[in-house]
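Colleague: Sequence plus predicted model, see below.
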Amino acid sequence: MQSFRTEIENPVVEKDILELEKKILQFKGGKIDEEKFRSLRLARGVYGQRQQGVQMIRIKLPYGKVTSNQLLRICDVSDEYSRGRLHITTRQDIQIHYVDLDRTPELWAQLEKDDVTLREACGNTVRNVTASETAGIDVDEPFDVSPYAHAVFQYFLRNPIGQEMGRKFKVSFSASDADTGLSYMHDLGFIAKIKNGERGFKVLLAGGLGSQPRHADVLYDFLPSDKIIPLMEGTIRVFDRYGERKSRAKARMKFLLKDIGLDGFKTLLEEEQLAIPHQSYPIDFENYPKPEIVSVDTPYVQIQDTKKFEQWKSTNLIPQKQNGYVAIGIKVLLGDFYTDKARELANLIKNYAAGEIRLSLRQNILIPYVKEELVPFFYLELQKLGFVEAGYNKALDITACPGTDTCNLGIASSTGIAEELERVIKAEYPQYISNPDVVIKISGCMNACGQHNMANIGFQGMSVRTKDKLVAPALQVLLGGGNFGNGKGRFADKVVKIPSKRGPQALRLILDDFNANGNGASFADYYWDKGEHYFYDFLKPLTDIENLTQDDFIDWGNAEKYKKEIGIGECAGVIVDLVATLFLESEEKIQNSEEALAQEKWAASIYYSYQSIVNSAKALLTSEKVKTNNHASIIKDFDRLYVESGKIAFSGSFEDITLQLNKNKPTQEFATNYLKDAKQVLEQLEAYRKLELAHA
C-alpha cells in the first residue's frame, strides 16, 4: 500500500482520510487488533462484505439529496474502484461493493472533491439523517425540512459525543403529517409543525425495527426549531453514558427507554443541560440554497405509445407546491442501477431541471423541478435509460435489502424473492401496479434493513430444518404493518414461516383473499378486521416441510444448493476490548482534547477528556474481567473496586471527577482543568497497571 496525495482543501477532512490510511497500515502490520480496526473503519463508511477480501463502501448522502456533479463524481469513483453498480439504501445512501481496502482512502479523497463523505455512514455513530424525498416541494408541508436536516447532519458530523456509542443512532425528518420520513421507527423522529406562526417539530423518541420493533414515544408535541439540535445533543449524551455496550442485542435507544421509562429518560436529559454548549441553536433556513432551475426551450417530441405514457404519468408524477412544476419518480428495481445510466441522468437533470435528485426511503429516485411542458421530453429521455417503469411507490415497488448477495448477516435471498414477487404482480395482478395502499418489504435477516416489519406485507429471510437435518431457505411472513401518519404506525404480526420458494404462492393467497374480502378497506384495516388467526389458517398449508422438493433447497437467484452461512454483523461495530488498546485509545483521546482546546472548541475538548477518563477505567475493569456494559456502570464499578477499596487514591470519588462533565458549563477554564484531570487519571491508572503486571 503506497501513500497518496489527497489534494483536499479542508484540513479536517484531509486529516481524517490520512488517519484511515495510517490505521490500515497499522492493522496490516499487526499493530492494531482486528476488532478495534473494524470499529474505526466502520465509522468511515468501510464495511466488510460477505465475500472475503473486499469491502462495501457506504456513501453518506444527507436526506438523499444528490447534485448532478456529485452523482457524476460517485460514478467516477464506482467505475475506478468498484464495478460500476450503485445501490440505493433504505436510508437514502448509495453503496458500492467489491472495493479493495487499501484503496478506500484515495476513494474517499476523490469523493470529497464534490463534498461527498463516507464519515459515519456505518458504525456506532449518528447515521445518515433521512427525510421525506418530497421535502421542499411537498404540497402539504408547512415548511421545507431540508435546512433542518442539513443542519443536524453538519452539527453532529465528527462531533465527539456521537463517535463511539453502544450502537448506531438514527434520525429522520418528515415534511408533513403524512410522516413519510417514518418518525415512529427512529431514535429521534421530527415531524414539521407550525404553532402560532412559529416553526417547530413534533418529536418522537426511541423507535426501532430489528427483531424487537418498538413504536417511538412522543417526547414533544411541539418543539421550537431552535431547540432540536440542543435536544438531540442531550439525547445522544444520555445514550452514550447509559446505553448498553456489551450486548449488541440490547444496545439501541429503544432498550434504554424500555429499562428507564420516558420519565426516567427526561430526568437524565435534564441532568445534561448544563453541559450542552447551545441552549438555543437557530437554523438559518432563509439562506438555504435555492434550486437553480435551467431555462430551456421545450423540445418537440412525439409519444408513440400514449397508453403507456398515460399509465406512467398516473403513477410516477408527483405534484409540487411550486406552480408549473412536477417531480418525476423513477422506480429503481431493488435500488440497483449502473453508472452508464447514472451519468445520463446526471446530465439530463443538469440541463433540463434543477441539477439535483432525491434518493427515497423506498430505494428510488425522485427528480424535482421538472417543468410540466417538459414531461413528454423527460419520458422519452428516461425511456432510453429504462427508467419509465410504472408503479413508483406503489404495490409493485418492493423494497429489499441486499441480503445474501453481499451482506454478512443475510440468511436467505431478499433480492431474488423480490424480483419474483414483482414478476408475479405484473403478470397476475396488474391492477396493483397503480395501488399505493399495499406496501411490500423484504429483509434477508431479522435486522430489518428492508423494513419488513413495518410493511403491510413483509418477508424476512430465515432457514428451516427438516427431520433429516437438511436446511432450506425460508421466509417469515408478516402482515398488518402500516404508517398512519403524524407519528403513528403499527408493526406487522409474524404469521407463518414457509420455505422460501413458496413466497409467491403466499402472496397470491393473500392478494386473492384481499380482492375477495377486502370490501374496499385499506389493506391494514382489512388485516386488523380479520385478525392474525384468519391469515394463519389459510397460509398454514404452506408451512409443511415434509414434502419439500429439490427446488426448495435452492434459494432464489441461485443455482447451487442452499447453505446457511452467517458472518459477523458489522452494523453495530462490535469491539473486543483489550487493555493495551484501551489505554492507547485513552492517549489518543487526550491528544484529541488538546487539539480541540487549541482550536477553542471547549465542548469537544471536554467530551474527549471524558472519553479518556472512562476508557482508562474500562481498561482496568477489563483486566479484572468485570462487565463494562455502559459508561454509568463503569464509573460506579471503578469506584467500588478501586477507589473505595483504597487501591487507587483520588481526591474525592471517581464519579465526582468523571461527572464534572455535566455539572459545569463548557468554558475554556473548565475544559483546561478537566483535561488536566483526564491526564492525571490516565497516568495513575497506567502506573497501577504496570505495577500489577510487574507483580503478576
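Modeller: Perfect, thanks for sending it. Numbers count the residues shown, from 1 in each chain.

Colleague: all contacts plus neighbour counts: C-alpha atoms, from now on.
Modeller: Will do.

Colleague: quick one: the helix or strand of the chain with the lowest mean pLDDT to chain centroid distance?
Modeller: Least confident helix or strand, the chain: helix 34-42 with a mean of 80, by mean pLDDT, DSSP states H and E. The chain centroid and the centroid of helix 34-42 are separated by 18 Å under C-alpha atoms, centre = their mean, to the nearest Å.

Colleague: can you list contacts of the next helix or strand after it?
Modeller: Per DSSP states H and E, the first helix or strand lying C-terminal to helix 34-42 is strand 46-48. Contacts of strand 46-48 with the rest of the structure, by C-alpha atoms under 8 Å, 6 or more residues apart in numbering, involve 41, 54-58, 104, 118, 122, 408, 570.

Colleague: Mind listing the strands strand 46-48 pairs with, and their directions?
Modeller: In the sheet, strand 46-48 lines up against strand 55-59 (antiparallel) (DSSP bridges).

Colleague: tell me the contacts of K170?
Modeller: Taking C-alpha under 8 Å, 6+ apart, one finds 126-129, 186-188 in contact with K170.

Colleague: Need the per-residue pLDDT for the residue of the chain most remote from its centre.
Modeller: The outermost residue of the chain relative to its centre, with distances by C-alpha atoms, centre = their mean, is H695 at 47.6 Å. In this model, H695 is scored at 72, pLDDT.

Colleague: picking up where we left off before, and which of the contacts of K170 is nearest to V375?
Modeller: Checking the contacts of K170 against V375 with C-alpha to C-alpha, the nearest one is V129 at 30.7 Å.

Colleague: Can you tell me how far that closest one is from E106?
Modeller: 25 Å (C-alpha to C-alpha, to the nearest Å).

Colleague: Can you pick out the residue with more neighbours from the two?
Modeller: Remark: of V129 and E106, V129 carries more neighbours, 25 against 19, as counted by other C-alpha atoms under 10 Å.

Colleague: if I look at that one, how far off is H278?
Modeller: Counting by C-alpha to C-alpha - V129 and H278 are separated by 20 Å.

Colleague: can you give me the helices in the stretch 301-450 of the chain?
Modeller: 306-316, 339-352, 375-384, 415-428 (DSSP state H, counting those that start in this stretch).

Colleague: closest to R85 out of these?
Modeller: Closest approach to R85 among those is made by helix 339-352 (6.3 Å; C-alpha to C-alpha).

Colleague: ok and that closest one relative to helix 375-384, angle-wise?
Modeller: Interaxial angle of helix 339-352 relative to helix 375-384 (axes from the mean of the first three to the mean of the last three C-alpha atoms, to 10 degrees): 160 degrees.

Colleague: Show me which positions of stretch 367-383 end up buried.
Modeller: Buried positions in stretch 367-383, judged by neighbour count with 16 or more other C-alpha atoms under 10 Å: 367-371, 374-382.

Colleague: of all the residues you listed, which comes closest to G403?
Modeller: Looking across those and measuring by C-alpha to C-alpha, the closest to G403 is I367, at 27.8 Å.

Colleague: so the closest one touches I349, yeah?
Modeller: Yes - with contact defined as C-alpha atoms under 8 Å, I367 and I349 form a contacting pair (7.5 Å).

Colleague: Spell out which residues are contacts of both of those two.
Modeller: 356-357.

Colleague: Test my guess that E14 contacts I8.
Modeller: Yes - using C-alpha under 8 Å, E14 makes contact with I8 at a distance of 5.7 Å.

Colleague: more crowded one of the two?
Modeller: More crowded of E14 and I8, by other C-alpha under 10 Å: E14, with 18 against 15.

Colleague: can you tell me how far that one sits from E112?
Modeller: Here E14 is placed at a distance of 9 Å from E112 (C-alpha to C-alpha).

Colleague: Quick check: neighbours shared by the two?
Modeller: I8.

Colleague: coming back round to it: of all the buried residues of stretch 367-383, which comes closest to P499?
Modeller: L382 (38.0 Å).

Colleague: Using CSV, please lay out the contacts of strand 46-48 together with distance to Q26.
Modeller: Listed next are the contacts of strand 46-48 as CSV, based on distance: C-alpha to C-alpha, whole Å:
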residue, distance to Q26
R41, 12
V54, 18
Q55, 18
M56, 21
I57, 20
R58, 23
T104, 15
L118, 21
C122, 21
N408, 25
E570, 20
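
Colleague: Hmm, which of these is lowest in pLDDT?
Modeller: Of all the contacts of strand 46-48, E570 has the smallest pLDDT value, namely 50.

Colleague: In a strand, E21, correct?
Modeller: No - counting by DSSP: H, G, I helix; E, B strand; the rest coil, E21 falls outside a strand, being helix.

Colleague: In this structure it contacts P105, no?
Modeller: Yes - look at E21 against P105 with C-alpha under 8 Å: they come within range, at 5.8 Å.

Colleague: coming back round to it: and for E14 and I8, which residues touch both?
Modeller: With C-alpha under 8 Å, 6+ apart as the test, E14 and I8 both reach A109.

Colleague: ok so, going back, by neighbours, which of the contacts of K170 wins?
Modeller: Ranking the contacts of K170 using other C-alpha under 10 Å puts V126 first, with 29 neighbours.

Colleague: Let me see the backbone angles for it.
Modeller: Taking degrees, to the nearest 10, you get phi -80, psi 110 for the backbone angles of V126.

Colleague: Tell me what it is bridged to.
Modeller: According to DSSP bridges, the partner residues bridging V126 are F169.

Colleague: same thing with the one 5 residues further on?
Modeller: On the basis of DSSP bridges, A131 is bridged to F173.

Colleague: Which ones among the contacts of K170 lie within strands?
Modeller: In this view, the contacts of K170 that belong to strands under DSSP state E are L188.

Colleague: Closest one of the contacts of K170 to G531?
Modeller: So of the contacts of K170, ranked by how close each gets to G531 (C-alpha to C-alpha), first place is H186, at 27.0 Å.

Colleague: who are the neighbours in contact with the closest residue to that closest one other than its chain neighbours?
Modeller: In space, and not counting its chain neighbours, H186 is closest to G207: 4.6 Å by C-alpha to C-alpha, 6 or more residues apart in numbering. By C-alpha under 8 Å, 6+ apart, G207 lies in contact with 183-188, 213-217, 253-254.

Colleague: Let's see that with 6 Å instead.
Modeller: 184-187, 214-216, 254 (C-alpha atoms under 6 Å, 6 or more residues apart in numbering).

Colleague: Which of the residues you listed sits closest to I457?
Modeller: So of those, ranked by how close each gets to I457 (C-alpha to C-alpha), first place is M185, at 17.1 Å.

Colleague: hang on, isn't the closest one packed against G208?
Modeller: Yes - counting by C-alpha atoms under 6 Å, G208 is a contact partner of M185 at 4.5 Å.

Colleague: Of these two, which one has the most company?
Modeller: More crowded of M185 and G208, by other C-alpha under 10 Å: M185, with 31 against 25.

Colleague: now the more buried one: how far from L205?
Modeller: From M185 to L205 the distance is 9 Å (C-alpha to C-alpha).
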